[in-house]
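> Take a look and give me a structure for this.
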Amino acid sequence: MKALVALILLVQLPIHKAVPAAPPAPLGCDDPESVAVAEAAVNYINGHSHHGYKFALNRVEDIRVVPQGPNNDIIFLELDLLETTCPILSPTPLANCTVRSFAEHAVEGDCDVKMQKVDGTLSVLASKCHSHADSREDLLKVCPDCAPLARLNNTEVLGVVSAALNDYNSKTTDSYLRLLEIGRAKIQYHPAQVVTAEFAVGATNCSAAEAKANVGACQLLPEDQSNFGFCTAVMVKQPSQDLQVDCQLYGHQVPAPHIPLLARVSQPTGQDTSAGLVPSAVGFTNHNLGLSHNNPVASESSSSEILRSMLSAKSVTKRAVAAAAQHDKVPRPVGFVPLPPPCPGKIRHFDI
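Below is the predicted model of the structure:
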């Protein structure tokens, strides 16, 4: 009888089940961890870009973390970037690069990045970027006197770059410089006609005097001696002609930076500025960031699979935003102050 009572009491005892741990709160776009991941992604993007200028973070549009296991997360990012004044070949750290002002005809970059964080170490699995200049109309509304970007293959621009490089090489006692690429250019017509051009250069194995005799034999210095630089040319064409050229060489960098692919091709005799244009830049005002990269050692090596996963992350985020918007329609008590949405994050510079 006692055994039966004990059994009944045992059956009636409450059973305490283990309560699963609540999932971590989603990251906000301005959380320190999100910003650190975004900055790592921007450094990766600049490190794999071969043309134009470095880009800086303007806003984290979206971030989504998908846990894969203990200390192992997949992170999807949407980033807004802005072009800086630092050429991609410049050794200047990104933190010291100035974002171009709106009046300079800003260029915006949009990037989707897939990253993995394992035991605190970040790596990029895939990235896809493109960039575009702000519209001329938007620029002129805010700054009617500002000159918009000119096409990189504009004949006046090509003429100024050629004249500027010839002028610099005729006066230097150092290595003969060869054009790598034209970075950006503007043509202002009022109150005076002024053409401004920026272009990347590389030192060759010829002196300026040797180049006069046989410029076709002048080749870029080998990688262990390479020396790249950047020039700015300003030519006043009317009412009187005046040309000013300023070139800065960066010195040999270790490791040597990636250089535009066209610089690896022998340049024809004479200063042919068409060699300073990648095919994708012809007819455009800026170099497209155009970065698309898949990590060959990533577990998802298929680019289509990575693209699908990025699109899936976006669709989930859009549904969440729509649900939050519907939730916000519920009447709130007087004095209620809603929390700011976790994404998109704040604009660090300006919106275009």
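
> Send over stretch 222-234 as CSV, restricted to the C-alpha atoms.
C-alpha atoms of stretch 222-234 as CSV (Å, rounded to 0.1, in the frame of the first residue of the first chain):
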residue,chain,number,x,y,z
PRO,A,222,58.9,45.2,-62.5
GLU,A,223,56.8,44.4,-59.5
ASP,A,224,59.7,44.4,-57.1
GLN,A,225,60.5,48.0,-58.1
SER,A,226,57.1,49.4,-59.2
ASN,A,227,56.3,53.0,-58.5
PHE,A,228,52.8,54.3,-59.2
GLY,A,229,51.4,57.8,-58.8
PHE,A,230,48.5,60.1,-59.6
CYS,A,231,48.3,63.4,-61.6
THR,A,232,45.9,66.2,-61.7
ALA,A,233,45.8,68.5,-64.8
VAL,A,234,43.9,71.8,-65.1
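
> who's the spatially most central residue of the chain bridged to?
Closest residue to the average C-alpha location of the chain: residue 55 at 3.8 Å, with Cα atoms, centre = their mean. Here residue 55 sits in beta bridges with residue 83, going by DSSP bridges.

> show me what contacts it?
By Cβ atoms under 8 Å, 6 or more residues apart in numbering, the contact set of residue 55 is 42, 45, 46, 49, 81, 82, 83, 84, 109, 131, 289. Any C-beta I mention is one placed from the backbone N, CA and C, and that applies to glycine too.

> tell me the phi and psi of the fifth one?
Recorded main-chain torsions at residue 81 are phi -120, psi 160, according to degrees, to the nearest 10.

> residues contacting it?
Counting by Cβ under 8 Å, 6+ apart, residue 81 touches 42, 45, 55-58, 108-111, 129, 131, 289.

> Which of those fall in strands?
55, 56, 57, 58, 108, 109, 110, 111, 129, 131 (DSSP state E).

> Now residue 157. Nearest residue, chain neighbours left out?
Leaving out its chain neighbours, the residue that sits closest to residue 157 by Cβ to Cβ, 6 or more residues apart in numbering is residue 185, at 4.2 Å.

> Now for residue 144, how many residues are close by?
7 (other Cβ atoms under 10 Å).

> Same question for residue 65.
Residues near residue 65, counting by other Cβ under 10 Å, number 18.

> for residue 180, same thing?
26.

> Run through the chain and note the low-pLDDT ranges.
Across the chain, residues meeting the criterion (pLDDT under 70) sit at 1-25, 259-283, 291, 293-341.

> on that earlier part again, dump the contacts of residue 55 to CSV, plus distance to residue 36.
Shown next, in CSV, are the contacts of residue 55 (distance: Cβ to Cβ, whole Å):
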residue, distance to residue 36
42, 11
45, 15
46, 16
49, 21
81, 16
82, 19
83, 22
84, 20
109, 19
131, 23
289, 22
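
> farthest-separated two in those?
Largest separation among the contacts of residue 55 by Cβ to Cβ: 49 and 82, giving 14.1 Å.

> With neighbour numbers in mind, choose between these two.
residue 82 (25 against 21).

> Look at the closest residue to residue 248 other than its chain neighbours and tell me its secondary structure.
Excluding the flanking residues, the one nearest residue 248 by Cβ to Cβ, 6+ apart is residue 229, at 5.4 Å. Put simply, residue 229 is strand when judged by DSSP: H, G, I helix; E, B strand; the rest coil.

> Relative to residue 220, how far out is residue 229?
Distance of residue 229 to residue 220, given as Cβ to Cβ, to the nearest Å: 12 Å.

> distance between whichever strand or helix holds residue 167 and the chain's centre?
Applying DSSP states H and E as the criterion places residue 167 in helix 155-171. Distance of helix 155-171 from its chain centroid, counting by Cα atoms, centre = their mean, to the nearest Å, is 28 Å.

> do the same with stretch 136-152
The answer for stretch 136-152 is 22 Å, by Cα atoms, centre = their mean.

> list the buried ones in it?
Using 16 or more other Cβ atoms under 10 Å as the test for burial, stretch 136-152 gives 139, 146, 147, 148, 149, 150, 151, 152.

> got these as TSV, with distance to residue 27 and secondary structure columns?
What follows is the buried residues of stretch 136-152, written out as TSV (distance: Cβ to Cβ, whole Å; DSSP: H, G, I helix; E, B strand; the rest coil):
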residue	distance to residue 27	secondary structure
139	35	helix
146	38	coil
147	41	coil
148	38	coil
149	36	strand
150	42	coil
151	41	coil
152	39	coil
